[in-house]
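Colleague: return a 3D structure for these sequence lines:
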Amino acid sequence: MTFLDGAALALFFVCWLGYGPLLGLIGRKSGSLNDDMLHVRRIWMQAMTRREMRLVDSQLMGHSINSASFFASTNLLLIAAVAGILFGGESRLQGFAAVGAEDVPLRMLEGKLALVLICLARGFLDFIWALRQLNYTLALIGAAPEDERENAAFGEAAANLINPALASFSQGVRGYYFALAAAAWLFGPLWLGAGVFSAFALLLWRQEASPAARAIRAARRLLE
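Modeller: Have a look, this model is predicted:
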């Protein structure tokens, strides 16, 4: 591994592992899309407990569950494809290297593919955990009490379940961005550095300055 490879790999791990804490810090100071959605979903769960018919809430939850299932299934297919090359023997690695990857020793190529596989595997686990929590939330919606005195406390409990669930879903989606950045390493360390910077900048822009972020921020102010 060259110095450039090491530097680009260090940048990758700093950005990948540091994005979550940085986003939390930004959310506490100036707000972010994810932070705004925490409040929107909390208000949703409070409103859910006051509705006599909760069919709409169940349908919305079903949509979230279907989305998480789709991403988890897609992620599993990608894991199988990368693992098939990585563990398919020297002939598969050589065949893969021949289609345009940087000319490096096979051990180095294995390390690059392993990084992509790690990103995808972590994302898959995030999607699975999101699915579990979303199903738990669906059960809470079905069990919401009729007594108005318990509505506020029950809505808070439901919000404390759905928010981590969809945070896990967001983290799983984020894994695709960094898996693409990791795949850029196949073409060289400069490509990895550029991929990490691009993924990190795009994620931050979508959280802070995208039209969706501005719209949700405005909606949060109206709801509060």
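
Colleague: list the buried residues in the longest helix along the chain.
Modeller: Secondary structure assigned by DSSP state H gives helix 106-142 as the longest helix of the chain. Residues of helix 106-142 classed as buried: 109-113, 115-131, 133-134, 137-138, 140-141 (neighbour count, 16 or more other CB atoms under 10 Å). Where you see a C-beta, it was placed from the backbone N, CA and C, and this is true even at glycine.

Colleague: same check on stretch 50-65?
Modeller: By neighbour count on 16+ other CB under 10 Å, the buried set for stretch 50-65 is 57, 61, 64, 65.

Colleague: find the pair from those residues with maximum spatial separation.
Modeller: Spatially, the most separated pair among those is 57 and 65, at 12.6 Å (CB to CB).

Colleague: what is the least confident helix or strand in this structure?
Modeller: helix 90-97 (a mean of 70; mean pLDDT, DSSP states H and E).

Colleague: residue 86 is in contact with residue 113, correct?
Modeller: Yes - using CB atoms under 8 Å, residue 113 makes contact with residue 86 at a distance of 4.6 Å.

Colleague: now the residue sitting nearest the centre point of the chain. Nearest residue, chain neighbours left out?
Modeller: Centroid-nearest residue in the chain, with CA atoms, centre = their mean: residue 171, separated by 2.3 Å. Excluding the flanking residues, the one nearest residue 171 by CB to CB, 6 or more residues apart in numbering is residue 126, at 4.6 Å.

Colleague: residues touching the one you found, list them.
Modeller: Shown in contact with residue 126 (CB atoms under 8 Å, 6 or more residues apart in numbering): 168, 169, 171, 172, 175.

Colleague: that older thread, tell me the SS of the residue nearest to the centre of the chain?
Modeller: Judged by DSSP: H, G, I helix; E, B strand; the rest coil, the three-state class of residue 171 is helix.

Colleague: show me what the helix or strand containing residue 68 is packed against.
Modeller: Using DSSP states H and E, residue 68 sits in helix 55-86. Using 3 or more CB pairs under 8 Å, 6 or more residues apart in numbering; DSSP states H and E, the elements in contact with helix 55-86 are helix 90-97, helix 106-142, helix 151-184.
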